[in-house]
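1. show me how the following folds:
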Amino acid sequence: MTLTHTDVYERVQLTFAEPEGVVRGGLVVLHEAEGITDGVRLLIAGLAGEGWLAVAPHIEGEHLTREDILDATDSTLDWLVERGVDADQLGVVGFDLGGTAALVVASHRKLGAAVSVGGELPGLVEIAGKLTSPWLGMYGDSGTEEGRVELEHLRDAAASADVVTNVVRYPGADHRFDSDPGAGAEAWQRTLNWFDAHLR
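-> Numbers count the residues shown, from 1 in each chain. Reported below is the predicted structural model:
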């Protein structure tokens, strides 16, 4: 099992894991509202096991702004570059609230790839049309017509951006569809495939 470690860089606390062999690239992991949980550590370790130098900034506070998220991500990206990761080998991935944060980053920074797994849909359509990084979004539609329509709007908005995008819908699932083992395994593989395709 790959171990996670902690570091402090530019006043940002980081939790990270390093691959045992060659580093394929660097991934910023944006955590859920609960912070750096055991689940987040497992995710970081799992990404490291696939060859990625994976690192999560501790982004805390009740009223986080877009600037808070971008500043913490920028510091984390700098940390990765200092460890020898090329700029075109950098990506970001987030789950739940972190998935929304990953979309914000992908619409304000030019990275090699970005992935959002779950998260609340309202408010994302406007952001998705401004994507500047190749982005994969995976969401449950809550099993409602309203949820399905929201996802279609998100897909259309993302498609209008000048980068490659893909929105995957999990019918009948809530915003944390990945808690289902089958859907979670599929989302994990889609995530790895997206980074494999875009971080070369």
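2. and the pLDDT for the nearest residue to Glu50 once chain neighbours are set aside?
-> Take Glu50 and drop its neighbours on the chain: the residue closest to it by C-beta to C-beta, 6 or more residues apart in numbering is Leu192, 5.9 Å away. No exception for glycine: its C-beta is placed from N, CA and C like everyone else's. Per-residue confidence (pLDDT) for Leu192: 97.
3. likewise for Ser179?
-> Looking at Ser179, its pLDDT is 65.
4. picking up where we left off before, quickly find the element holding the residue nearest to Glu50.
-> For Leu192, the host element (DSSP states H and E) is helix 181-198.
5. so how far is that helix from its chain's centroid?
-> Distance, stretch centre to chain centre, for helix 181-198: 12 Å (C-alpha atoms, centre = their mean, to the nearest Å).
6. show me what that helix is packed up against.
-> strand 90-95, strand 113-117, strand 135-140, strand 165-170 (3 or more C-beta pairs under 8 Å, 6 or more residues apart in numbering; DSSP states H and E).
7. give me whichever of those is most buried.
-> When the helices and strands packed on helix 181-198 are scored by mean count of other C-beta atoms under 10 Å, the highest mean neighbour count falls to strand 113-117 (a mean of 29).
8. which residue ranges form the helices in this protein?
-> Secondary structure of the chain (DSSP state H): helices at 38-49, 66-82, 97-106, 124-128, 145-159, 181-198.
9. what residues of the fourth one count as buried?
-> Right, helix 124-128. Neighbour counts over helix 124-128 (16 or more other C-beta atoms under 10 Å) mark 124-125, 127-128 as buried.
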